[in-house]
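Asks: What follows is a predicted protein model with its sequence.
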Amino acid sequence: EVQLAESGGGLVQAGGSLKLSCIASGFTFDDYAIGWFRQVPGMEREGVSCIDSSAYILYYGDFVQGRFTISRDNAKNTAYLQMNSLKPEDTAVYYCAADTHCTAYGWSIWGQGTQVTVSS
(Lines give C-alpha, C1' and ligand atoms only; values in the text may rest on other atoms or scores of the structure.)
Protein backbone atom coordinates (compact mmCIF):
# COMPACT_ATOMS: atom_id res chain seq x y z
CA GLU A 1 0.00 0.00 0.00
CA VAL A 2 1.27 3.43 -0.97
CA GLN A 3 1.49 5.47 2.20
CA LEU A 4 3.02 8.49 3.89
CA ALA A 5 2.90 8.81 7.67
CA GLU A 6 3.77 12.02 9.48
CA SER A 7 4.84 12.18 13.11
CA GLY A 8 6.51 14.59 15.49
CA GLY A 9 3.80 17.17 15.92
CA GLY A 10 2.69 18.40 19.31
CA LEU A 11 2.35 21.36 21.61
CA VAL A 12 5.31 23.68 22.01
CA GLN A 13 5.83 27.16 23.42
CA ALA A 14 6.69 30.05 21.15
CA GLY A 15 10.39 30.03 20.37
CA GLY A 16 10.59 26.27 20.68
CA SER A 17 11.40 23.60 18.13
CA LEU A 18 9.83 20.51 16.63
CA LYS A 19 11.09 18.00 14.09
CA LEU A 20 8.47 16.40 11.88
CA SER A 21 9.08 13.10 10.15
CA CYS A 22 7.41 11.68 7.06
CA ILE A 23 7.89 7.95 6.54
CA ALA A 24 7.11 6.51 3.12
CA SER A 25 6.10 3.01 2.17
CA GLY A 26 4.74 1.20 -0.87
CA PHE A 27 6.64 3.19 -3.50
CA THR A 28 10.22 3.98 -4.51
CA PHE A 29 10.95 6.88 -2.20
CA ASP A 30 14.21 7.78 -3.97
CA ASP A 31 12.31 8.66 -7.16
CA TYR A 32 9.96 11.15 -5.54
CA ALA A 33 10.08 14.73 -4.43
CA ILE A 34 8.67 15.45 -0.97
CA GLY A 35 6.69 18.51 -0.07
CA TRP A 36 5.57 19.80 3.31
CA PHE A 37 2.32 21.74 3.55
CA ARG A 38 0.23 23.15 6.33
CA GLN A 39 -3.40 24.04 6.80
CA VAL A 40 -5.41 25.92 9.36
CA PRO A 41 -9.13 25.03 9.51
CA GLY A 42 -11.10 27.31 7.22
CA MET A 43 -8.02 28.46 5.32
CA GLU A 44 -6.29 27.25 2.20
CA ARG A 45 -3.47 24.79 2.42
CA GLU A 46 -0.10 26.48 1.94
CA GLY A 47 3.24 25.14 0.84
CA VAL A 48 5.99 25.07 3.43
CA SER A 49 8.91 23.48 1.64
CA CYS A 50 9.88 21.03 -1.09
CA ILE A 51 12.91 18.82 -1.65
CA ASP A 52 13.42 16.91 -4.86
CA SER A 53 14.50 13.30 -5.29
CA SER A 54 18.17 14.32 -5.42
CA ALA A 55 17.84 16.24 -2.14
CA TYR A 56 17.97 19.65 -3.77
CA ILE A 57 15.82 22.04 -1.76
CA LEU A 58 13.66 23.84 -4.23
CA TYR A 59 11.24 25.84 -2.15
CA TYR A 60 10.58 27.49 1.18
CA GLY A 61 7.49 29.56 1.85
CA ASP A 62 8.17 33.23 2.50
CA PHE A 63 6.94 32.85 6.07
CA VAL A 64 9.72 30.36 6.86
CA GLN A 65 12.34 33.13 7.04
CA GLY A 66 15.21 30.75 7.73
CA ARG A 67 13.50 28.99 10.65
CA PHE A 68 12.69 25.63 9.01
CA THR A 69 14.93 23.08 7.30
CA ILE A 70 13.74 20.30 5.04
CA SER A 71 15.84 17.18 4.57
CA ARG A 72 15.55 13.55 3.54
CA ASP A 73 17.23 10.24 4.23
CA ASN A 74 16.57 7.96 1.28
CA ALA A 75 18.07 4.98 3.13
CA LYS A 76 15.31 5.35 5.72
CA ASN A 77 12.52 6.32 3.29
CA THR A 78 12.02 9.36 5.48
CA ALA A 79 11.80 13.10 5.03
CA TYR A 80 12.06 15.64 7.82
CA LEU A 81 11.05 19.18 8.60
CA GLN A 82 13.06 20.76 11.38
CA MET A 83 11.17 23.77 12.72
CA ASN A 84 12.91 26.26 15.00
CA SER A 85 11.84 29.57 16.51
CA LEU A 86 8.22 28.55 16.23
CA LYS A 87 5.55 31.22 16.39
CA PRO A 88 1.87 30.94 17.34
CA GLU A 89 0.99 31.60 13.69
CA ASP A 90 2.78 28.36 12.76
CA THR A 91 -0.07 26.47 14.43
CA ALA A 92 -1.61 24.18 11.81
CA VAL A 93 -1.93 20.62 10.63
CA TYR A 94 1.24 19.76 8.75
CA TYR A 95 1.13 17.33 5.86
CA CYS A 96 3.78 15.71 3.73
CA ALA A 97 3.17 14.77 0.13
CA ALA A 98 5.06 12.96 -2.61
CA ASP A 99 5.19 13.31 -6.37
CA THR A 100 7.70 12.91 -9.15
CA HIS A 101 8.74 16.57 -8.87
CA CYS A 102 8.09 19.65 -6.77
CA THR A 103 4.94 21.27 -8.00
CA ALA A 104 2.43 23.85 -6.88
CA TYR A 105 -0.54 21.54 -7.38
CA GLY A 106 -1.51 17.95 -8.01
CA TRP A 107 0.59 16.04 -5.51
CA SER A 108 -0.31 12.38 -5.89
CA ILE A 109 0.39 10.93 -2.41
CA TRP A 110 -0.56 12.54 0.89
CA GLY A 111 -0.11 11.71 4.53
CA GLN A 112 -2.80 12.06 7.16
CA GLY A 113 -1.23 15.09 8.82
CA THR A 114 0.19 15.91 12.23
CA GLN A 115 -1.00 18.73 14.45
CA VAL A 116 1.45 21.42 15.48
CA THR A 117 0.29 23.84 18.15
CA VAL A 118 2.45 26.74 19.27
CA SER A 119 1.38 28.52 22.43
CA SER A 120 2.21 32.14 23.14
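Replies: Yep, that arrived. Numbering: from 1, shown residues only.

Asks: Quick check: the gap between residue 17 and residue 50.
Replies: 21 Å (C-beta to C-beta, to the nearest Å). C-beta here means a position set from N, CA and C on the backbone, and glycine is covered the same way.

Asks: Hmm, I typed the wrong one, I wanted residue 102.
Replies: When residue 102 is compared with residue 50 (using C-beta to C-beta), they lie 4 Å apart.

Asks: any common contacting residues for these two?
Replies: Both residue 102 and residue 50 are contacted by 33, 35, 58, 59, under the criterion C-beta atoms under 8 Å, 6 or more residues apart in numbering.

Asks: Could you check how far stretch 20-38 is from the centre of its chain?
Replies: 9 Å (C-alpha atoms, centre = their mean, to the nearest Å).

Asks: Wait, a helix at residue 16?
Replies: No: judged by DSSP: H, G, I helix; E, B strand; the rest coil, residue 16 forms no part of a helix; its state is coil.

Asks: can you count the residues close to it?
Replies: 14 (other C-beta atoms under 10 Å).

Asks: Likewise for residue 35?
Replies: For residue 35, using other C-beta under 10 Å, the count is 27.

Asks: Phi and psi next, for it.
Replies: Per-residue torsions, residue 35: phi -120, psi 150 (degrees, to the nearest 10).

Asks: Looking at the shared contacts of residue 102 and residue 50, state which has the most neighbours.
Replies: residue 35 (27 neighbours).

Asks: quick one, what contacts that one?
Replies: With C-beta under 8 Å, 6+ apart, residue 35 has these contacts: 47-51, 59, 96-99, 102-103, 107.

Asks: quick one, which of residue 102 and residue 50 is more surrounded?
Replies: residue 50 (24 against 19).

Asks: Of the shared contacts of residue 102 and residue 50, which is the nearest to residue 6?
Replies: Proximity of the shared contacts of residue 102 and residue 50 to residue 6 was ranked by C-beta to C-beta; the top entry is residue 35 with 12.0 Å.

Asks: Residue 102 in helix, strand or coil?
Replies: coil.
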